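Visitor: generate coordinates for the sequence data below:
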Amino acid sequence: MKLGLQIVLGLFSLIPLAFAAMGLLSGMSGADPAATVSAAVDNQYRYMSGVYILVTFLLWYAIPKIETHFRLMCLICAALVIGGIGRLLSQGAVGPGTEQQQIGAFIELGSPLLLVWLWFVARASRAPA
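Guide: Just a heads-up that it's a prediction; the model follows:
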């Protein structure tokens, strides 16, 4: 059960890392080459991409001993859920984003399900053998 969670987390972590690295290096032009955006919006987009990379690194820190990092994973999931809520607010205010962004929102808002899995892994690691 622990190994399965570690594999899922490791694979899922590559998705935000790839998009965050692209955002950091390409800015808004990587997300939407046809869009005209202000320097402030591009700056904020690149900054948030950097923060997302840090979230990935925190996840990588937790994966090897995932059963001992429930609180850290709660914080990571909270960050993802808050970001997913931001995506929903954006969709309501200006319309849906790209298909990838909609998939991202689904993953972000569903991330607390991984906490349930982690709870079982942590509980099993404390059980006497």
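
Visitor: and the pLDDT at residue 38?
Guide: If you check residue 38, the pLDDT there is 89.

Visitor: residue 104 now?
Guide: What the model reports for residue 104 is a pLDDT of 89.

Visitor: I'd say it and residue 90 touch.
Guide: No - the criterion here is C-beta atoms under 8 Å, and residue 104 misses it with residue 90 at 11.5 Å. In this view, the C-beta of every residue, glycine as well, is placed from N, C-alpha and C.

Visitor: mind checking how far residue 53 is from residue 15?
Guide: 12 Å (C-beta to C-beta, to the nearest Å).

Visitor: contacts for the helix or strand residue 19 falls within?
Guide: Assigned by DSSP states H and E, residue 19 belongs to helix 2-26. Residues outside helix 2-26 that contact it (C-beta atoms under 8 Å, 6 or more residues apart in numbering): 30-31, 45-46, 48-50, 52-53, 55-56, 59-60, 62-64, 66-67, 100, 104, 107, 114, 117-118, 121, 124-125.

Visitor: between residue 104 and residue 90, which one's more packed in?
Guide: For residue 104 versus residue 90, neighbours defined as other C-beta atoms under 10 Å are more numerous around residue 104 (19 against 14).

Visitor: which residues touch that one?
Guide: 15, 16, 19, 84, 87.

Visitor: and for residue 102?
Guide: 87, 91, 96.

Visitor: can you tell me which of these are buried?
Guide: Listed as buried from the contacts of residue 102 are residue 87; burial here means 16 or more other C-beta atoms under 10 Å.

Visitor: and the closest residue to residue 112 other than its chain neighbours, what does it touch?
Guide: Among residues not flanking residue 112 along the chain, residue 77 sits closest, at 5.3 Å (C-beta to C-beta, 6 or more residues apart in numbering). By C-beta under 8 Å, 6+ apart, the residues touching residue 77 are 111, 112, 114, 115.

Visitor: having no further points to raise, I will conclude here.
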